[in-house]
Structure formats: structure tokens, C-alpha cells
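Asker: Sequence unavailable; structure follows:
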């Protein structure tokens, strides 16, 4: 790993960056196919996918992250989904991101969690006093951008009411000039912006090589790709542009926040552990056949090739036969194929193509699925 990416990882692991998972957990729910015998090893990120697993009642979830802020948030979302029995209370806290009884609710939800997580939320429950979805480095970046561009939830509703082919022109007229302004473009092209969107230097370089665009133009194009989706239900667009979810639509939130999933998550029998450790350390301590599913976010994209090879080797050692591996990538090429492992990690081609097409974050070229064959 280059020194710049090592420094990036060091900083990223210490900052509160995300308040949501910037991956489409509804797509993941559809294609992971968890059941009551499943055992999941997942990078937590901000926890939307981990919390969402509860409604499918897998036997075990091991959530791991080097970032204590993200792991503690994943633990809160998961514990609240399981223990806050009133849907209105649960949604007020984690859907609306504000509740007048935030201190007592956070304390009740986290009562059975590890001591370090309880201490974390004892000092940070005030994040839910006003507007949680404007907290974190990513959200604050969006707050600044939408103020400069003069856009908000009303603008997003108007954009969603246009024909898809008209939306790109609206973005060119409002948001793109702000992003291309020399001072703003300089910030966007800075390491701080990369931290805010969780893209390290190597990953950024691969994105630009794949698309043949400059970085600011790539991001403008990304906004247009998001705008081509169903904006009424796209919670990534809503949290970025409005600073909150679209509460008028029950499906415009990650699945764990929906009423039917909450009903299935209450008192779920799943055993959940939260590991504030490096993923390699968790893998090294596991026996063969430990997990049936691996959800890796875009971690393989961050790794140099020797570490990618080591990761896949550890997955093959610890997976059940027939296990499923899922990760996202900014590249259209397969890392598994690059390492010559297609016979052990067999591509689930149709599933990968469908998930890549449906993912509404529009941040990745591929949502990769593989089947482990021993």
C-alpha cells in the first residue's frame, strides 16, 4: 500500500464519516438470500445492511470495522431494530434522526451492547437531538454544497417530477456550475473530499482510468446517474440533497427502517457480535466453515494485490462450501479473475449483472457476487 493510501486509511479509521451506508442494502437483501442457517461476516460501514440482516433471522452476524464511529452506529441501529418495540419511536430516532427522548432511547437500545459501545453513546446521544442526518463528514460536505447551489428537498422533488432525459440539463443549470467553480473544484479534488466520500487515492485513480474523465466531471456525471433513478425512493439522493429521508414514501428508506422489517427484527434470535478490529485479524482467528456469507463493502478496492490475494485465501479457508461473497468495485474488471481464482470463487454472473444495474447509489461499476467451491 502506498504511503498516501496508508495515511488515508489511518485518518479514515478515526473520523465519523458516514451516517448511512452508501450501498443499496435493498439490493443486497434481494441477492444475498440469507436464511435462518446463514452466518454472516460483514464490514459494518454505517450499519444499514447489518441492521437489515436481522429481519431475515440469520443464525449469526459478525460485524467488523476499523472505524469505531461506524461500528458503534451499526451496533445502535441493529440493537434499536431489535429492542425498540414501538415502530414510531424507532423511526423517530433512526428514520427522522431526532427524538426528544434521545438519551433514554439510546441508553435502552444499547443496554446489552459491549461496554465501549455503551460509553460511546453515553457521550454522543445528543447527535439525535436535532438532525442526525446532517452529522458526519460526508453530510457536512453535502450541507455546504447544497447551500452554495441553492438546492434542497423541494428542488429534488421538482427534479423527480421531470422526465428522466430532462434531469441532466437541470443539473447542468444548477449544481454542475457550482461544482466546477475553481474554488469548489479545488476542494472537491482535495484529500479531505476523498475522505468524505470514502474513496482512497488508488481507488480514485482506477475510477478515472475506467471513465476517462477528470475527477470533478466524473462526480457531475455520477450525480446525473443518480438522477436517472426513481428519485422518490432513492434515499441516497434525499440524504445528500435534503439532509433527510423522504418521509412521504414508506420505501424511501433503507429496509431496516421499514415497518414490516422492524416487525420481523424485534427480538430476532440472531447472535450478533461487533468487532472493532482489522478484518484480517477476525478471519485469522476463525475456523474453517465458519461463515456462509461475506459482505465486504468496497474493501478489496482499497487493498494492494498481495493483500487482495490474502483476503480471498482467508475467505476460502473460513467459508462453508457454497458460501456467497459480495463486494463492490469501481472497476468493471473482476479482481477474482485477476488473481486466477475463478474455479474456487465462481462468478454469479446473472446476480452480479442485476445487482449492478439496480444499485441506486450509482457509485460502483459492479456489485460482485461469487460462490465458494471447495
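Answerer: The structure has been received and is ready for your questions. A quick note: this is a predicted structure, and the numbers were derived from the prediction, not measured. Numbers count the residues shown, from 1 in each chain.
Asker: How many residues are close by residue 253?
Answerer: Counted with other CB atoms under 10 Å, the neighbours of residue 253 add up to 23. Heads up, the C-betas are built off the backbone N, CA and C, glycines and all.
Asker: Now do the same for it: helix, strand or coil?
Answerer: Put simply, residue 253 is coil when judged by DSSP: H, G, I helix; E, B strand; the rest coil.
Asker: got the residue ranges for the strands in the stretch 151-300 of the chain?
Answerer: 271-275, 291-295 (DSSP state E, counting those that start in this stretch).
Asker: Just put those in a markdown table and tack on distance to residue 284 and mean neighbour count.
Answerer: Below are those laid out as a markdown table (distance: least, CB to CB, whole Å; neighbours: other CB atoms under 10 Å):
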| stretch | distance to residue 284 | mean neighbour count |
| --- | --- | --- |
| strand 271-275 | 12 | 17 |
| strand 291-295 | 14 | 24 |
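Asker: Any chance of JSON lines for those, columns distance to residue 197?
Answerer: Listed next are the strands of the stretch 151-300 of the chain as JSON lines, based on distance: least, CB to CB, whole Å:
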{"stretch": "strand 271-275", "distance to residue 197": "24"}
{"stretch": "strand 291-295", "distance to residue 197": "20"}
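Asker: any chance of those strands in JSON lines, plus mean pLDDT and distance to residue 112?
Answerer: Converted to JSON lines, the strands of the stretch 151-300 of the chain look like this (pLDDT from 0 to 100; distance: least, CB to CB, whole Å):
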{"stretch": "strand 271-275", "mean pLDDT": "98", "distance to residue 112": "10"}
{"stretch": "strand 291-295", "mean pLDDT": "98", "distance to residue 112": "23"}
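Asker: between those strands, which one is nearest to residue 12?
Answerer: Evaluated over the strands of the stretch 151-300 of the chain, closeness to residue 12 peaks at strand 271-275, with 17.4 Å, by CB to CB.
Asker: what are the pairing partners of that closest one, and which direction each?
Answerer: strand 60-64 (parallel) (DSSP bridges).
Asker: just to revisit the earlier point, show me the one of the strands of the stretch 151-300 of the chain that comes nearest residue 166.
Answerer: Closest of the strands of the stretch 151-300 of the chain to residue 166 is strand 291-295, at 36.3 Å (criterion: CB to CB).
Asker: And for the closest one, what's in contact with it?
Answerer: Residues from elsewhere that reach strand 291-295 (CB atoms under 8 Å, 6 or more residues apart in numbering): 28, 32, 34, 37-43, 49, 58, 62, 315, 318-320, 322-327.
Asker: rerun at 7 Å
Answerer: 28, 32, 34, 38-43, 49, 315, 318-320, 323-326 (CB atoms under 7 Å, 6 or more residues apart in numbering).
Asker: Filter these down to just the ones in strands.
Answerer: Among these, the residues falling in strands (DSSP state E) are 39-43, 319-320, 323-326.
Asker: What's the ChimeraX line that selects buried ones from the residues you listed?
Answerer: In ChimeraX, a selection of the buried entries from these looks like this (16 or more other CB atoms under 10 Å):
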select :39,40,41,42,43,319,320,323,324,325,326
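Asker: Now render the ones in strands among the contacts of strand 291-295 as CSV, adding distance to residue 178 and pLDDT.
Answerer: CSV is the format used below for these (distance: CB to CB, whole Å; pLDDT from 0 to 100):
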residue, distance to residue 178, pLDDT
39, 46, 98
40, 41, 98
41, 41, 98
42, 36, 98
43, 33, 98
319, 46, 98
320, 50, 97
323, 45, 98
324, 41, 98
325, 39, 98
326, 35, 98
